[in-house]
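A.B. asks: next comes the sequence, and after it the predicted model I'd like to discuss.
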Amino acid sequence: MNIFKKIFIGIGVLVIVFIAAFFYFMRNTKSLSPQAKASYNQGGMDVTVDYCQPSKRGRLIFGEEAAKALVPYGKVWRTGANEATLIKFNQDVTVAGKPLKAGEYTLWTIPGATDWQVVINSETGQWGTDYNEKMDVFRAPVSITAKPTETETFTIDFVEQAGGADMMLSWDKTEVIIPIRKQ
């Protein structure tokens, strides 16, 4: 057997191993943080959010210390798990008071103890740890409320409001309110 054939077979085996490992990784992470979809469709405004739902599972979710908290304060978070959270708008809107053109974006947040920032980013299709700040469309402050009860699994919902909806991010004892309105 010539050397090139051996190299070719070796590379082929490595490719197969990497592909198998990739699919194993994707299947197992999805079982811990399953895919979910939240949507709002009223008055001609359609908003769809594709995200993955991590669970608390006894962990400290939000906090000052990055070594202890799953989502540290002051750091950009993918706002879910696995791939970056994708948000789609069928028309021009305002998000947290900032104008945004219709289209697909990724949704990121920067948690804080008393307030958060919502980040709309134009890059899509990336894994949730591949954040590129240069692709930010904008950042805007949003309000949070402390809840008396715990939400075990991260959830995104919509609550209808005049002229649009509030997108609600709920996890642990925190609820974030992101106003989305028609332009």
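C.D. replies: Happy to help now that I have it. In this text, all values refer to a predicted model and were calculated from it rather than measured experimentally.
A.B. asks: now the helices for this structure?
C.D. replies: Counting by DSSP state H, the chain forms helices over residues 3-32, given from the N-terminal end onward.
A.B. asks: show me which strand runs longest in it.
C.D. replies: With DSSP state E setting the assignment, residue counts place strand 136-161 as the longest strand in the chain.
A.B. asks: low-confidence ranges in this protein?
C.D. replies: Across the chain, the ranges flagged by pLDDT under 70 are 1, 17-18, 20-31, 66.
A.B. asks: one more time with 80
C.D. replies: For the chain, the stretches flagged by pLDDT under 80 are 1, 4-10, 12-32, 65-67.
A.B. asks: residues contacting Ala140?
C.D. replies: Shown in contact with Ala140 (CB atoms under 8 Å, 6 or more residues apart in numbering): Val95, Ala96, Gly97, Lys98, Gln117, Val118. C-beta: built from backbone N, CA, C; applies to glycine.
A.B. asks: go again using 10 Å as the cut-off
C.D. replies: 94-98, 100, 116-120, 178-179 (CB atoms under 10 Å, 6 or more residues apart in numbering).
A.B. asks: burial check on the residue nearest to it when sequence neighbours are not counted, number of neighbours?
C.D. replies: Excluding the flanking residues, the one nearest Ala140 by CB to CB, 6 or more residues apart in numbering is Ala96, at 3.7 Å. By the other CB atoms under 10 Å criterion, the neighbourhood of Ala96 contains 21 residues.
A.B. asks: chain center to the longest strand of the chain, what's the gap?
C.D. replies: The gap between where strand 136-161 is centred and where its chain is centred comes out at 12 Å by CA atoms, centre = their mean, to the nearest Å.
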